[in-house]
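Asks: what shape does this take:
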Amino acid sequence: MKRVKNLSAAFILFALMAGQYELKGQEKDSTVVKTDTAKVKKDDKKKPSMKSYKEIITDKAVSDQGIFTVHKIDDKYYFEIPDNILKKEFLLVTRLTKAAAGMRYGSTGYAGDQIGQQVVAFEKGPKDKILLRSISFVDYAKDSTSDMYNSVTRNNVQSIIKAFDVKTYGNNKKTSVIEVTDLLNSDNEMVSFSTNYKEDFKVGAFQKDMSFVNFVKSYPNNIEINTTKTFARTLGRPIQGIPAANLPKVSGNYTVEINSSFVLLPENKMQARYFDPRVGYFAVGYTDFDLDPQGVKRVSLVKRWRLEPKPQDLEKYKKGELVEPAKPIVFYIDPATPKKWVPYLIQGVNDWQKAFEKAGFKNAIYAKVPDPKVDPEWSLEDARFSAIVYKPSDVPNASGPSISDPRTGEILESHINWYHNVMMLLRNWYFVQASPNDERARKIEFDDKLMGELIRFVSSHEVGHTLGLRHNFGSSSTVPVEKLRDKKWLEKNGHTPSIMDYARFNYVAQPEDNIGESGIMPRIGDYDNWAIEWGYRRFFQYNTPDLEKEYLNKWVIKNLKDQRLWFGTESNPFDPRSQSEQVGDNAMIASTYGIKNLKRIIDNLEKWTQTPNEDYNNLGMMYDQVTTQFRRYAGHVSKYIGGQMETPKTAEQSGVVYEVVAKKDQKEAMKFLEDNIFTTPQWLLKKEIFEKTGKTPVKTVEDIQNGVLARILSPMVLNNMYQMEAVDQNTYTTVELFSDLNNSIIKKDNPDVYGRNLQRNYVDNLIRLVDSKSSDRSDVSAIVRGNLVMIKKDLSGRADSNTVNKYHYEDLVFRIEKALDPK
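Replies: Residues are numbered from 1 along each chain as shown. The predicted structure follows:
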């Protein structure tokens, strides 16, 4: 130990001597070092203190007081943030207020479109800083005393996305003043496109010298920032309908006007309601680490507006009396909307008032035209206001998105997108589904009253989405098909229980039924009333989502005894009850009636589409609409093949959740396909239409037949059938399917051009299923191979005097041999 100590001392002495030697050898440098050190110390002493409030916020400031005070001094912008706002969460929503010419793509890129959303919060940082954090709600633990809470918090640090120097403090150091000029004038996700939207619109480099701030306004609960920004245009931007290779290499800029809304999320959080798959609501969610003591649970909360009785009406509401909500749902109509359509858009919103009465609220929702005298602060961009935004677009569509609090699902506002060309879509739908029953639809240009009623229907549908409701594609399947021809029943019930279904119009009704508008057009129905009651009825005896869960479950079970209140799964690919564009409980019967009406339309198509002094474009367009509708019927029926029904249930409900479609129904579907699809639909092949439009009959039929074959011979369907055979031995099997297809397609003698195409496409579909690259390891592959062998044997022995047919059979045999033995 003593030796080590002496060695250490010697080492230290040596180091000191080496240091002295170095200093002696660099005496001039030594002076410099000393001077620099002195300079640093001197600078530290002279470090300027923070400027006073009046030195920063001078008499030149134009100030706007609200949740923050916004100061504008020349071209500089400052936020004065009170301490009591720090750490509070803001929903940041960014929208286009003026869209760039040439930037639109599909149904996006229009004024009013959202281009970004996130939750942020300001907080104090070290060294006189204000930090802006992005808040995530992916993972959650609510018990702050638990070890899990600390673990979740440590592993979910909220990102700092911006740091600001505090320029000065005000109001006895209870407010912090930061300069935001650079933030507003730059390209970032707070005041510009989020990354994914930049990619969608092919927005290039930010052009700072051609960008500027228009205004910043402060309101009691929100800040509105409006900027003009210019970006380089990406070369070779794709245009809908034009192959990328054919596009010119265009350069230049996009200039847009962008509005960013910082909206304070409610401190008094709305009581959430857990998602229930038996009632169709949109949802927000997170992973909860508290609910399951032995794991984690994905929590989904339904999206809905905060409707509450006024304090003075609370007891009335509890007694079951109708009361007005403290804050109703109000939609403003975009002033750019053509005046003649405004009343119909308003009525489409107001039609929901009756549904909300089921939940205990009267006058809960309405629409209005903004009046500067009554609504002086109204702005289309202000996130406090919901609106129906009219867009000068050739996109035939409308949509109903909404912005919600990710913590509770509370809907805060909505901008319904209303595209001008939705009227063409409505005209086409109504023409091919209703013209045999409504003579007003037997022309290309509808009268304003009829178009107005169609607009009203779509307005109600899109408003339903903004109330939280998803599509209910199963609703119409609860209606017996024959009731769709019963005038009295339809006037009372409508042709579908839900306007949220895609059961556009009653195409089953026949002209001799004398069904009027009330039996043809959709309306808010029994399911919609029930869904609004389930989502918006308040149960004040239960003050948490967990406490009301048992009651809600019993309530749902009780109400679902009425099958008209059933919500069909929106996305199940196997359930024939849940389909868009379908009406009635049996697609085979409904489609047969639908085809009868299409035949009536085809017989009158030229007369009903004639337009003076114009060519036959309208005839060609509406012929395509007829074939599209026919293809829909074929699709509805095809879904029965290999079908499996899904009915979500809780443990307290009896019966099965998954059920194979009955064999008799699948056989009925195959018979329909044989009679209407695999047998050439001659009624569709009008020579005079082809002569005037240039349409090709062979391709028309082939496309419809191929659509059916692609569905029922898809690996998805065949494997589902194979799995169902193991569950239910009485089900429709893959072997029976191929036997029926062979009888319908292959065994027909003397095929014409349509029959040959069908046989060839059928064989080609089978060959694709046994492709050597297939990863199928089930019996399906073997069954398909066996079926091809049978078809080859059948075709090999055929004799036909028709030379084309002879060559056709030889070609099919060659294709099969090559597929079965590629070598």
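Asks: number of nearby residues for Asn268?
Replies: 6 (other CB atoms under 10 Å). Where you see a C-beta, it was placed from the backbone N, CA and C, and this is true even at glycine.
Asks: same question, Glu668
Replies: 17.
Asks: start to end distance for stretch 369-382?
Replies: Stretch 369-382 has an end-to-end distance of 15 Å (CA to CA, to the nearest Å).
Asks: buried set for it?
Replies: Residues of stretch 369-382 classed as buried: 370, 378-382 (neighbour count, 16 or more other CB atoms under 10 Å).
Asks: and the least confident of those residues?
Replies: The lowest pLDDT within the buried residues of stretch 369-382 belongs to Glu381, with 75.
Asks: show me what contacts it?
Replies: 95, 97, 224, 226, 259, 261 (CB atoms under 8 Å, 6 or more residues apart in numbering).
Asks: can you list the strands that the helix or strand that contains the first one pairs with?
Replies: Translated: Arg95. Per DSSP states H and E, Arg95 falls inside strand 89-98. Counting by DSSP bridges, the strands paired with strand 89-98 are strand 114-125 (antiparallel), strand 253-264 (antiparallel).
Asks: distance between stretch 425-444 and the chain's centre?
Replies: On the basis of CA atoms, centre = their mean, to the nearest Å, stretch 425-444 sits 28 Å off its chain's mean C-alpha point.
Asks: which residues sit against that stretch?
Replies: 396-397, 446-447, 450-451, 454-455, 458, 504-507, 509-511, 513, 515, 517, 520, 594, 597-598, 600-601, 604, 608-609, 611, 618, 621-622, 625-626, 628-629.
Asks: which residues does Lys327 contact?
Replies: Here Lys327 is in contact with 306-308 (CB under 8 Å, 6+ apart).
Asks: picking that back up, Asp334 is nearest to which of the strands paired with strand 89-98?
Replies: With CB to CB, the closest approach to Asp334 among the strands paired with strand 89-98 belongs to strand 253-264: 14.5 Å.
Asks: the helix or strand that comes right after that closest one: which residues count as buried?
Replies: Sequence order places strand 283-288 as the next helix or strand after strand 253-264, per DSSP H and E. Residues of strand 283-288 classed as buried: 283-284, 286, 288 (neighbour count, 16+ other CB under 10 Å).
Asks: could you dump strand 283-288 to PDB, C-alpha only?
Replies: Output in PDB follows, covering the C-alpha atoms of strand 283-288 (Å, rounded to 0.1, in the frame of the first residue of the first chain):
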ATOM      1  CA  ALA A 283     -64.800   4.800 -31.800                       C
ATOM      2  CA  VAL A 284     -61.500   6.100 -30.400                       C
ATOM      3  CA  GLY A 285     -59.300   3.900 -28.200                       C
ATOM      4  CA  TYR A 286     -56.200   3.200 -26.300                       C
ATOM      5  CA  THR A 287     -54.400   0.300 -24.500                       C
ATOM      6  CA  ASP A 288     -55.300   0.200 -20.800                       C
END
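Asks: sorry, back to before: out of the strands paired with strand 89-98, which is closest to Asn719?
Replies: By CB to CB (comparing all of those), the closest turns out to be strand 114-125, at 39.0 Å.
Asks: contact partners of the closest one?
Replies: By CB under 8 Å, 6+ apart, strand 114-125 touches 81, 85-96, 130-137, 158, 161, 163, 176, 189-190, 192-194, 197, 258, 260, 262, 265, 401, 403, 406, 415.
Asks: report the residue ranges of every domain in this protein.
Replies: 2-46, 56-264, 696-823 (automatic domain parsing).
Asks: which residues of the stretch 601-750 of the chain fall in helices?
Replies: 617-638, 663-673, 687-693, 697-712, 715-727, 734-741 (DSSP state H, counting those that start in this stretch).
Asks: pLDDT of the fifth one, averaged?
Replies: I take that to be helix 715-727. On average, helix 715-727 scores 91.
Asks: that one versus helix 734-741: what angle between them?
Replies: 130 degrees (axes from the mean of the first three to the mean of the last three CA atoms, to 10 degrees).
Asks: again with the fourth one
Replies: Helix 697-712 runs at 170 degrees relative to helix 734-741, counting by the same axes, to 10 degrees.
Asks: can I get helix 697-712 in PDB? Just the C-alpha atoms.
Replies: Taking C-alpha atoms only, helix 697-712 is exported to PDB below (Å, rounded to 0.1, in the frame of the first residue of the first chain):
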ATOM      1  CA  PRO A 697     -71.600  -6.800 -76.100                       C
ATOM      2  CA  VAL A 698     -69.100  -9.600 -75.500                       C
ATOM      3  CA  LYS A 699     -67.000  -7.500 -73.100                       C
ATOM      4  CA  THR A 700     -70.100  -6.300 -71.300                       C
ATOM      5  CA  VAL A 701     -71.200  -9.900 -70.500                       C
ATOM      6  CA  GLU A 702     -67.700 -11.100 -69.900                       C
ATOM      7  CA  ASP A 703     -67.000  -8.500 -67.200                       C
ATOM      8  CA  ILE A 704     -70.200  -9.400 -65.300                       C
ATOM      9  CA  GLN A 705     -69.500 -13.100 -65.400                       C
ATOM     10  CA  ASN A 706     -65.900 -12.700 -64.500                       C
ATOM     11  CA  GLY A 707     -66.900 -10.700 -61.500                       C
ATOM     12  CA  VAL A 708     -68.900 -13.600 -60.200                       C
ATOM     13  CA  LEU A 709     -66.300 -16.200 -60.900                       C
ATOM     14  CA  ALA A 710     -63.600 -14.100 -59.200                       C
ATOM     15  CA  ARG A 711     -65.800 -14.000 -56.100                       C
ATOM     16  CA  ILE A 712     -66.900 -17.600 -55.700                       C
END
